[in-house]
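> Let me see the structure of the following:
(one chain, ligands or ions: 2)
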Amino acid sequence: MQSSSEINQRIARISAHLNPHTIQMEGNSVLRRDNCRAKGGSAGFKVAILGAAGGIGQPLAMLMKMNPLVSVLHLYDVVNTPGVTSDISHMDTGAVVRGFLGKDSLEDALTGMDLVIIPAGVPRKPGMTRDDLFNINAGIVKTLCEGISKCCPRAIVNLISNPVNSTVPIAAEVFKKAGTYDPRRLLGVTMLDVVRANTFVAEVLGLDPREVDVPVVGGHAGVTILPLLSQVKPSCSFTPQEIEYLTTRIQNGGTEVVEAKAGAGSATLSMAYAAVKFADACLRGLRGDAGIVECAFVDSQVTELPFFASKVRLSRNGVEEIYPLGPLNEYERNGLEKAKKELAGSIDKGIAFVRK
Ligand SMILES: NC(=O)C1=CN([C@@H]2O[C@H](COP(=O)(O)OP(=O)(O)OC[C@H]3O[C@@H](n4cnc5c(N)ncnc54)[C@H](O)[C@@H]3O)[C@@H](O)[C@H]2O)C=CC1
Ligand SMILES: O=C([O-])CC(=O)C(=O)O
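Ligands and ions are numbered 1, 2, ... in the order given. This is a model prediction of the structure:
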(Lines give C-alpha, C1' and ligand atoms only; values in the text may rest on other atoms or scores of the structure.)
(Ligands and ions follow the chains in the order given, each with its own letter.)
Protein backbone atom coordinates (compact mmCIF):
# COMPACT_ATOMS: atom_id res chain seq x y z
CA MET A 1 0.00 0.00 0.00
CA GLN A 2 1.22 3.54 -0.79
CA SER A 3 1.90 5.94 2.08
CA SER A 4 0.03 9.26 2.15
CA SER A 5 3.24 11.12 1.23
CA GLU A 6 3.71 8.86 -1.82
CA ILE A 7 0.10 9.52 -2.84
CA ASN A 8 0.57 13.28 -2.41
CA GLN A 9 3.73 13.18 -4.52
CA ARG A 10 1.90 11.25 -7.22
CA ILE A 11 -0.97 13.77 -7.27
CA ALA A 12 1.57 16.62 -7.49
CA ARG A 13 3.27 14.88 -10.44
CA ILE A 14 -0.02 14.41 -12.30
CA SER A 15 -1.24 17.95 -11.66
CA ALA A 16 2.14 19.35 -12.72
CA HIS A 17 1.79 17.41 -15.96
CA LEU A 18 -1.77 18.63 -16.64
CA ASN A 19 -1.35 22.22 -15.55
CA PRO A 20 0.76 24.22 -17.99
CA HIS A 21 1.32 26.83 -15.28
CA THR A 22 3.13 24.37 -13.04
CA ILE A 23 6.60 22.97 -13.62
CA GLN A 24 7.68 19.58 -12.29
CA MET A 25 11.15 19.90 -10.75
CA GLU A 26 13.67 17.18 -9.93
CA GLY A 27 13.11 15.45 -6.58
CA ASN A 28 9.32 15.84 -7.02
CA SER A 29 9.26 19.41 -5.69
CA VAL A 30 6.79 21.55 -7.60
CA LEU A 31 7.36 25.16 -8.62
CA ARG A 32 4.39 27.25 -9.70
CA ARG A 33 5.18 29.03 -12.96
CA ASP A 34 3.87 32.22 -11.31
CA ASN A 35 6.81 31.91 -8.89
CA CYS A 36 9.44 31.74 -11.66
CA ARG A 37 11.58 34.78 -12.22
CA ALA A 38 10.55 35.06 -15.91
CA LYS A 39 8.53 38.24 -16.40
CA GLY A 40 6.84 37.28 -19.71
CA GLY A 41 5.00 39.82 -21.83
CA SER A 42 8.17 41.51 -23.16
CA ALA A 43 7.82 44.18 -25.86
CA GLY A 44 5.79 42.73 -28.69
CA PHE A 45 2.22 41.95 -29.64
CA LYS A 46 -0.36 39.70 -28.05
CA VAL A 47 -1.86 37.25 -30.53
CA ALA A 48 -4.71 34.75 -30.12
CA ILE A 49 -5.40 31.83 -32.45
CA LEU A 50 -8.99 30.51 -32.31
CA GLY A 51 -9.12 26.94 -33.62
CA ALA A 52 -5.50 26.46 -32.60
CA ALA A 53 -5.63 22.65 -32.28
CA GLY A 54 -6.77 22.08 -35.88
CA GLY A 55 -5.00 21.23 -39.11
CA ILE A 56 -4.18 24.90 -39.78
CA GLY A 57 -4.12 25.95 -36.14
CA GLN A 58 -1.22 23.72 -35.04
CA PRO A 59 1.39 24.68 -37.67
CA LEU A 60 0.12 28.26 -37.46
CA ALA A 61 0.69 28.25 -33.70
CA MET A 62 4.18 26.84 -34.20
CA LEU A 63 5.09 29.49 -36.77
CA MET A 64 3.64 32.34 -34.68
CA LYS A 65 5.70 31.10 -31.70
CA MET A 66 8.74 31.65 -33.96
CA ASN A 67 7.71 35.23 -34.84
CA PRO A 68 9.88 37.75 -32.96
CA LEU A 69 7.06 40.34 -33.04
CA VAL A 70 4.87 38.13 -30.81
CA SER A 71 5.32 38.39 -27.03
CA VAL A 72 2.21 36.47 -25.91
CA LEU A 73 0.47 33.70 -27.85
CA HIS A 74 -2.97 32.47 -26.74
CA LEU A 75 -4.13 29.14 -28.16
CA TYR A 76 -7.90 28.57 -27.97
CA ASP A 77 -9.91 25.60 -29.20
CA VAL A 78 -12.82 23.45 -28.07
CA VAL A 79 -10.53 20.36 -28.05
CA ASN A 80 -6.89 19.39 -27.47
CA THR A 81 -5.37 22.76 -26.54
CA PRO A 82 -3.53 21.47 -23.41
CA GLY A 83 -1.41 19.12 -25.52
CA VAL A 84 -0.73 21.60 -28.31
CA THR A 85 0.11 24.32 -25.76
CA SER A 86 2.42 22.10 -23.74
CA ASP A 87 4.23 21.01 -26.90
CA ILE A 88 4.66 24.48 -28.42
CA SER A 89 5.55 26.11 -25.09
CA HIS A 90 8.83 24.13 -25.03
CA MET A 91 10.16 25.97 -28.11
CA ASP A 92 12.99 28.30 -27.03
CA THR A 93 11.61 31.41 -28.72
CA GLY A 94 10.45 34.63 -27.06
CA ALA A 95 6.65 34.36 -27.03
CA VAL A 96 4.93 33.16 -23.86
CA VAL A 97 2.28 30.56 -24.77
CA ARG A 98 -0.97 29.98 -22.90
CA GLY A 99 -3.69 27.44 -23.72
CA PHE A 100 -7.46 27.88 -23.38
CA LEU A 101 -9.88 24.96 -23.67
CA GLY A 102 -13.60 25.24 -24.25
CA LYS A 103 -16.08 28.07 -24.55
CA ASP A 104 -15.90 29.05 -20.88
CA SER A 105 -12.30 30.15 -21.46
CA LEU A 106 -12.94 32.19 -24.63
CA GLU A 107 -13.07 35.52 -22.80
CA ASP A 108 -9.76 34.88 -21.01
CA ALA A 109 -8.21 33.83 -24.33
CA LEU A 110 -9.27 37.10 -25.98
CA THR A 111 -8.75 39.71 -23.29
CA GLY A 112 -5.97 42.14 -24.16
CA MET A 113 -5.19 40.73 -27.62
CA ASP A 114 -3.77 42.93 -30.41
CA LEU A 115 -4.37 40.39 -33.20
CA VAL A 116 -6.87 37.52 -33.38
CA ILE A 117 -6.43 34.87 -36.09
CA ILE A 118 -9.45 32.61 -36.72
CA PRO A 119 -9.00 29.24 -38.44
CA ALA A 120 -11.85 27.63 -36.39
CA GLY A 121 -14.42 25.57 -38.27
CA VAL A 122 -14.85 22.55 -40.49
CA PRO A 123 -12.88 22.03 -43.72
CA ARG A 124 -14.14 20.69 -47.08
CA LYS A 125 -14.21 17.09 -48.28
CA PRO A 126 -14.06 16.14 -51.99
CA GLY A 127 -17.23 17.15 -53.86
CA MET A 128 -18.06 20.03 -51.50
CA THR A 129 -17.91 23.76 -52.22
CA ARG A 130 -16.72 26.24 -49.60
CA ASP A 131 -20.33 27.42 -49.34
CA ASP A 132 -21.31 23.92 -48.17
CA LEU A 133 -19.42 24.78 -44.94
CA PHE A 134 -21.67 27.79 -44.27
CA ASN A 135 -24.21 26.02 -42.05
CA ILE A 136 -21.60 24.95 -39.50
CA ASN A 137 -18.96 27.67 -39.77
CA ALA A 138 -21.29 30.69 -39.79
CA GLY A 139 -22.40 29.97 -36.22
CA ILE A 140 -18.83 29.30 -35.04
CA VAL A 141 -17.56 32.59 -36.50
CA LYS A 142 -20.54 34.52 -35.08
CA THR A 143 -19.90 33.25 -31.54
CA LEU A 144 -16.16 33.92 -31.70
CA CYS A 145 -16.72 37.45 -33.03
CA GLU A 146 -19.20 38.17 -30.22
CA GLY A 147 -16.34 37.30 -27.86
CA ILE A 148 -13.99 39.65 -29.71
CA SER A 149 -16.51 42.52 -29.50
CA LYS A 150 -16.70 42.02 -25.78
CA CYS A 151 -13.07 41.33 -24.84
CA CYS A 152 -10.76 42.92 -27.44
CA PRO A 153 -12.85 45.19 -29.68
CA ARG A 154 -9.73 47.04 -30.91
CA ALA A 155 -7.92 43.89 -32.05
CA ILE A 156 -7.08 43.31 -35.70
CA VAL A 157 -9.01 40.22 -36.87
CA ASN A 158 -7.61 37.85 -39.54
CA LEU A 159 -10.50 35.61 -40.62
CA ILE A 160 -9.53 32.31 -42.29
CA SER A 161 -12.66 30.15 -41.70
CA ASN A 162 -14.59 29.38 -44.89
CA PRO A 163 -16.58 30.48 -46.75
CA VAL A 164 -14.51 33.68 -46.32
CA ASN A 165 -16.83 35.49 -48.80
CA SER A 166 -19.63 35.06 -46.21
CA THR A 167 -17.79 34.80 -42.88
CA VAL A 168 -16.25 38.29 -43.21
CA PRO A 169 -19.71 39.89 -43.72
CA ILE A 170 -20.93 37.82 -40.72
CA ALA A 171 -18.10 39.19 -38.56
CA ALA A 172 -18.83 42.76 -39.73
CA GLU A 173 -22.52 42.41 -38.83
CA VAL A 174 -21.69 41.02 -35.38
CA PHE A 175 -19.34 43.94 -34.72
CA LYS A 176 -21.91 46.46 -36.04
CA LYS A 177 -24.57 45.00 -33.74
CA ALA A 178 -22.19 45.36 -30.78
CA GLY A 179 -21.24 48.91 -31.80
CA THR A 180 -17.55 47.96 -32.15
CA TYR A 181 -17.18 47.74 -35.95
CA ASP A 182 -14.02 49.31 -37.33
CA PRO A 183 -13.78 48.20 -40.98
CA ARG A 184 -10.03 48.79 -40.96
CA ARG A 185 -9.57 46.02 -38.40
CA LEU A 186 -11.41 43.15 -40.10
CA LEU A 187 -9.49 41.30 -42.82
CA GLY A 188 -10.49 38.11 -44.64
CA VAL A 189 -7.33 36.11 -45.36
CA THR A 190 -6.91 35.52 -49.12
CA MET A 191 -3.12 35.28 -48.88
CA LEU A 192 -3.10 31.62 -49.92
CA ASP A 193 -4.45 32.63 -53.33
CA VAL A 194 -1.52 35.04 -53.73
CA VAL A 195 0.96 32.42 -52.48
CA ARG A 196 -0.38 29.88 -54.99
CA ALA A 197 -0.46 32.43 -57.80
CA ASN A 198 3.17 33.38 -57.13
CA THR A 199 4.17 29.70 -57.14
CA PHE A 200 2.28 28.69 -60.30
CA VAL A 201 3.29 31.81 -62.27
CA ALA A 202 6.95 31.34 -61.26
CA GLU A 203 6.78 27.75 -62.50
CA VAL A 204 5.41 28.81 -65.90
CA LEU A 205 7.94 31.64 -66.28
CA GLY A 206 10.92 29.69 -64.90
CA LEU A 207 11.46 32.23 -62.09
CA ASP A 208 12.09 32.00 -58.35
CA PRO A 209 8.62 32.32 -56.69
CA ARG A 210 10.10 34.70 -54.11
CA GLU A 211 10.69 37.21 -56.91
CA VAL A 212 7.12 37.04 -58.24
CA ASP A 213 4.20 39.18 -57.08
CA VAL A 214 0.72 38.42 -58.45
CA PRO A 215 -2.21 40.55 -57.26
CA VAL A 216 -5.28 38.35 -56.64
CA VAL A 217 -8.54 40.25 -56.17
CA GLY A 218 -12.28 39.51 -55.71
CA GLY A 219 -12.93 36.87 -53.07
CA HIS A 220 -11.90 33.41 -51.91
CA ALA A 221 -13.93 30.78 -53.80
CA GLY A 222 -13.84 29.52 -57.40
CA VAL A 223 -14.50 32.26 -59.97
CA THR A 224 -14.41 34.96 -57.26
CA ILE A 225 -10.63 34.35 -57.07
CA LEU A 226 -9.37 36.68 -59.80
CA PRO A 227 -5.62 36.74 -60.47
CA LEU A 228 -4.56 39.89 -62.34
CA LEU A 229 -1.93 38.36 -64.60
CA SER A 230 -1.59 41.60 -66.55
CA GLN A 231 -0.15 43.19 -63.39
CA VAL A 232 2.41 40.53 -62.43
CA LYS A 233 5.75 41.78 -61.17
CA PRO A 234 8.34 41.49 -62.61
CA SER A 235 6.60 42.70 -65.77
CA CYS A 236 6.01 39.78 -68.19
CA SER A 237 3.60 38.50 -70.83
CA PHE A 238 1.67 35.26 -71.16
CA THR A 239 0.21 33.34 -74.10
CA PRO A 240 -3.62 32.89 -74.08
CA GLN A 241 -3.06 29.21 -73.16
CA GLU A 242 -0.86 30.19 -70.21
CA ILE A 243 -3.49 32.70 -69.01
CA GLU A 244 -6.25 30.08 -69.19
CA TYR A 245 -4.12 27.43 -67.44
CA LEU A 246 -2.92 29.77 -64.68
CA THR A 247 -6.32 31.36 -63.97
CA THR A 248 -8.03 27.96 -63.74
CA ARG A 249 -5.26 26.47 -61.57
CA ILE A 250 -5.21 29.44 -59.14
CA GLN A 251 -9.02 29.43 -58.86
CA ASN A 252 -9.03 25.69 -58.15
CA GLY A 253 -5.91 25.47 -55.95
CA GLY A 254 -7.99 24.69 -52.87
CA THR A 255 -9.93 21.95 -54.66
CA GLU A 256 -6.66 20.47 -55.95
CA VAL A 257 -5.53 19.97 -52.33
CA VAL A 258 -8.96 18.76 -51.11
CA GLU A 259 -8.96 16.06 -53.81
CA ALA A 260 -5.34 15.05 -53.16
CA LYS A 261 -6.12 14.71 -49.42
CA ALA A 262 -9.08 12.50 -50.39
CA GLY A 263 -11.32 13.16 -47.38
CA ALA A 264 -8.60 14.10 -44.87
CA GLY A 265 -9.31 17.83 -45.08
CA SER A 266 -8.09 20.79 -47.08
CA ALA A 267 -4.92 22.88 -47.28
CA THR A 268 -3.36 23.23 -43.82
CA LEU A 269 0.42 23.58 -44.18
CA SER A 270 0.47 26.04 -47.09
CA MET A 271 -2.41 27.86 -45.36
CA ALA A 272 -0.50 28.13 -42.08
CA TYR A 273 2.45 29.51 -44.07
CA ALA A 274 0.16 32.03 -45.83
CA ALA A 275 -1.60 32.98 -42.57
CA VAL A 276 1.73 33.68 -40.87
CA LYS A 277 2.96 35.73 -43.83
CA PHE A 278 -0.24 37.77 -43.60
CA ALA A 279 -0.27 38.05 -39.79
CA ASP A 280 3.36 39.17 -39.84
CA ALA A 281 2.42 41.92 -42.33
CA CYS A 282 -0.40 43.03 -39.98
CA LEU A 283 1.98 43.08 -36.99
CA ARG A 284 4.58 45.09 -38.93
CA GLY A 285 1.79 47.51 -39.82
CA LEU A 286 0.79 47.72 -36.13
CA ARG A 287 4.42 48.42 -35.26
CA GLY A 288 4.33 51.40 -37.65
CA ASP A 289 6.43 50.02 -40.53
CA ALA A 290 5.79 51.91 -43.76
CA GLY A 291 4.79 50.48 -47.14
CA ILE A 292 3.24 47.16 -46.05
CA VAL A 293 0.92 46.13 -48.90
CA GLU A 294 -0.94 42.80 -49.16
CA CYS A 295 -4.16 41.52 -50.74
CA ALA A 296 -7.09 40.94 -48.36
CA PHE A 297 -10.90 40.64 -48.44
CA VAL A 298 -12.13 43.81 -46.71
CA ASP A 299 -14.95 46.34 -46.39
CA SER A 300 -14.37 48.16 -49.67
CA GLN A 301 -15.55 50.78 -52.14
CA VAL A 302 -13.35 49.53 -54.97
CA THR A 303 -16.48 48.03 -56.63
CA GLU A 304 -20.21 48.43 -55.94
CA LEU A 305 -20.01 45.44 -53.54
CA PRO A 306 -19.63 46.10 -49.81
CA PHE A 307 -16.68 43.69 -49.51
CA PHE A 308 -13.95 42.92 -52.00
CA ALA A 309 -10.38 41.59 -51.98
CA SER A 310 -7.71 43.85 -53.38
CA LYS A 311 -4.35 45.30 -52.43
CA VAL A 312 -4.44 47.16 -49.12
CA ARG A 313 -1.81 49.15 -47.21
CA LEU A 314 -1.50 48.17 -43.56
CA SER A 315 -0.73 50.56 -40.72
CA ARG A 316 -1.11 50.99 -36.95
CA ASN A 317 -4.89 51.09 -37.54
CA GLY A 318 -5.12 47.99 -39.74
CA VAL A 319 -6.21 48.79 -43.31
CA GLU A 320 -5.02 52.34 -43.98
CA GLU A 321 -5.61 52.50 -47.72
CA ILE A 322 -7.36 50.34 -50.32
CA TYR A 323 -5.88 50.47 -53.80
CA PRO A 324 -8.02 50.56 -56.94
CA LEU A 325 -7.83 47.56 -59.27
CA GLY A 326 -5.76 49.34 -61.90
CA PRO A 327 -6.08 48.74 -65.65
CA LEU A 328 -7.63 45.34 -66.49
CA ASN A 329 -7.54 43.56 -69.86
CA GLU A 330 -10.67 42.14 -71.47
CA TYR A 331 -10.13 38.66 -70.01
CA GLU A 332 -9.87 40.16 -66.51
CA ARG A 333 -12.88 42.46 -67.02
CA ASN A 334 -14.99 39.41 -67.94
CA GLY A 335 -13.60 37.55 -64.93
CA LEU A 336 -14.47 40.51 -62.71
CA GLU A 337 -18.13 40.46 -63.82
CA LYS A 338 -18.40 36.72 -63.04
CA ALA A 339 -16.64 37.20 -59.70
CA LYS A 340 -18.93 40.07 -58.62
CA LYS A 341 -22.08 38.11 -59.48
CA GLU A 342 -21.11 35.18 -57.25
CA LEU A 343 -19.65 37.39 -54.52
CA ALA A 344 -22.85 39.44 -54.20
CA GLY A 345 -24.85 36.31 -53.25
CA SER A 346 -22.24 35.09 -50.74
CA ILE A 347 -22.01 38.50 -49.06
CA ASP A 348 -25.81 38.83 -48.81
CA LYS A 349 -26.03 35.34 -47.31
CA GLY A 350 -23.55 36.26 -44.58
CA ILE A 351 -25.30 39.54 -43.74
CA ALA A 352 -28.73 37.85 -43.65
CA PHE A 353 -27.43 35.17 -41.26
CA VAL A 354 -26.80 37.76 -38.54
CA ARG A 355 -29.73 40.09 -39.32
CA LYS A 356 -32.36 37.34 -39.42
N1 LIG B 1 -8.94 31.32 -46.02
C2 LIG B 1 -8.27 30.33 -46.59
O3 LIG B 1 -7.49 30.55 -47.53
C4 LIG B 1 -8.42 28.93 -46.10
C5 LIG B 1 -9.41 28.61 -45.21
N6 LIG B 1 -9.54 27.33 -44.72
C7 LIG B 1 -10.60 27.08 -43.76
O8 LIG B 1 -10.07 27.07 -42.44
C9 LIG B 1 -10.95 26.32 -41.57
C10 LIG B 1 -10.15 25.36 -40.70
O11 LIG B 1 -9.52 24.37 -41.48
P12 LIG B 1 -8.66 23.19 -40.79
O13 LIG B 1 -7.75 23.76 -39.77
O14 LIG B 1 -8.11 22.37 -41.87
O15 LIG B 1 -9.82 22.39 -40.04
P16 LIG B 1 -9.69 21.40 -38.78
O17 LIG B 1 -10.97 20.68 -38.65
O18 LIG B 1 -8.43 20.60 -38.90
O19 LIG B 1 -9.49 22.40 -37.56
C20 LIG B 1 -10.48 23.28 -37.17
C21 LIG B 1 -10.36 23.48 -35.67
O22 LIG B 1 -11.40 24.36 -35.28
C23 LIG B 1 -11.85 23.92 -34.02
N24 LIG B 1 -13.17 24.46 -33.70
C25 LIG B 1 -14.38 24.01 -34.09
N26 LIG B 1 -15.35 24.75 -33.52
C27 LIG B 1 -14.73 25.68 -32.78
C28 LIG B 1 -15.18 26.73 -31.95
N29 LIG B 1 -16.48 26.97 -31.76
N30 LIG B 1 -14.27 27.49 -31.33
C31 LIG B 1 -12.93 27.25 -31.50
N32 LIG B 1 -12.46 26.27 -32.26
C33 LIG B 1 -13.35 25.50 -32.88
C34 LIG B 1 -11.83 22.41 -34.11
O35 LIG B 1 -11.85 21.83 -32.82
C36 LIG B 1 -10.54 22.19 -34.86
O37 LIG B 1 -9.46 22.01 -33.97
C38 LIG B 1 -11.94 25.64 -42.52
O39 LIG B 1 -13.15 26.35 -42.52
C40 LIG B 1 -11.26 25.73 -43.88
O41 LIG B 1 -12.18 25.68 -44.94
C42 LIG B 1 -8.67 26.34 -45.10
C43 LIG B 1 -7.65 26.62 -45.98
C44 LIG B 1 -7.49 27.92 -46.59
O1 LIG C 1 -10.31 24.79 -50.56
C2 LIG C 1 -10.63 24.79 -49.36
O3 LIG C 1 -11.67 24.31 -48.92
C4 LIG C 1 -9.69 25.44 -48.40
C5 LIG C 1 -9.29 26.75 -48.96
O6 LIG C 1 -9.97 27.74 -48.82
C7 LIG C 1 -8.11 26.78 -49.82
O8 LIG C 1 -7.29 25.85 -49.79
O9 LIG C 1 -7.98 27.77 -50.55
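> Could you use CA atoms for every contact and neighbour count after this?
Noted.
> count of residues packed around A290?
Other residues lying near A290 total 12 when counted by other C-alpha atoms under 10 Å.
> next one: I156
The number of residues packed near I156 is 28, by other C-alpha under 10 Å.
> That one and G318 touch, don't they?
Yes: at 6.5 Å, I156 counts as touching G318 under the criterion of C-alpha atoms under 8 Å.
> quick one: stretch 50-60 near ligand 2?
No: using C-alpha under 6 Å from any ligand atom, no contact is recorded between stretch 50-60 and ligand 2, whose separation bottoms out at 10.2 Å.
> Counting by contacts, list what the lengthiest helix in the chain packs against.
Counting residues, the longest helix in the chain under DSSP state H turns out to be helix 330-355. Using 3 or more C-alpha pairs under 8 Å, 6 or more residues apart in numbering; DSSP states H and E as the contact criterion, the neighbours of helix 330-355 among helices and strands are helix 134-151, helix 164-178, strand 216-218, strand 225-227.
> ok, back up a step: shared neighbours of I156 and G318, anything?
With C-alpha atoms under 8 Å, 6 or more residues apart in numbering applied, the overlap between the contact sets of I156 and G318 consists of 185-186, 282.
> Let's have those residues in CSV, adding distance to ligand 2, secondary structure and pLDDT.
CSV is the format used below for the shared contacts of I156 and G318 (distance: C-alpha to the nearest ligand atom, whole Å; DSSP: H, G, I helix; E, B strand; the rest coil; pLDDT from 0 to 100):
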residue, distance to ligand 2, secondary structure, pLDDT
R185, 21, helix, 98
L186, 18, strand, 99
C282, 20, helix, 98
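> Please tell me how far whichever residue of the stretch 1-150 of the chain sits closest to ligand 2 sits from E259.
As assessed by C-alpha to the nearest ligand atom, ligand 2 sits closest to R124 within the stretch 1-150 of the chain, at 4.8 Å. In this structure, R124 and E259 are 10 Å apart, going by C-alpha to C-alpha, to the nearest Å.
> Who has more neighbours out of those two?
For R124 against E259, the residue with the higher neighbour count under other C-alpha under 10 Å is R124, and the figures read 21 against 16.
> Look up phi and psi at the more buried one.
Summarising the backbone geometry of R124 under the convention degrees, to the nearest 10, its torsions are phi -80, psi 160.
> Surely it is in contact with G265?
Yes: distance between R124 and G265: 6.0 Å, which falls inside the contact criterion (C-alpha under 8 Å).
> Need the overlap of contacts for the two.
Common neighbours of R124 and G265 (criterion: C-alpha under 8 Å, 6+ apart): V258.
> Off-centre distance for the helix or strand containing V47?
Assigned by DSSP states H and E, V47 falls within strand 45-50. For strand 45-50, the distance between its averaged C-alpha position and the chain's averaged C-alpha position is 11 Å (C-alpha atoms, centre = their mean, to the nearest Å).
> got it, and stretch 329-349?
How far stretch 329-349 lies from its chain's middle: 23 Å, per C-alpha atoms, centre = their mean.
> Any chance you could list what contacts it?
So stretch 329-349 is in contact with 165-166, 169, 218-219, 223-226, 228, 230, 305, 307, going by C-alpha under 8 Å, 6+ apart.
> Now the two most distant members of those residues.
Pairwise distances across those peak at 29.2 Å for P169 and S230 (criterion: C-alpha to C-alpha).
> So those two - more neighbours on which side?
Each of P169 and S230 had its neighbours counted (other C-alpha under 10 Å), and the higher figure belongs to P169 (26 against 19).
> What residues does that one make contact with?
The neighbourhood of P169, defined by C-alpha under 8 Å, 6+ apart, consists of 307, 347, 350-351.
> Would you format those as JSON lines with pLDDT and distance to ligand 1 included?
Written out in JSON lines, the entries for the contacts of P169 read as follows (pLDDT from 0 to 100; distance: C-alpha to the nearest ligand atom, whole Å):
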{"residue": "F307", "pLDDT": "99", "distance to ligand 1": "15"}
{"residue": "I347", "pLDDT": "98", "distance to ligand 1": "15"}
{"residue": "G350", "pLDDT": "98", "distance to ligand 1": "15"}
{"residue": "I351", "pLDDT": "98", "distance to ligand 1": "18"}
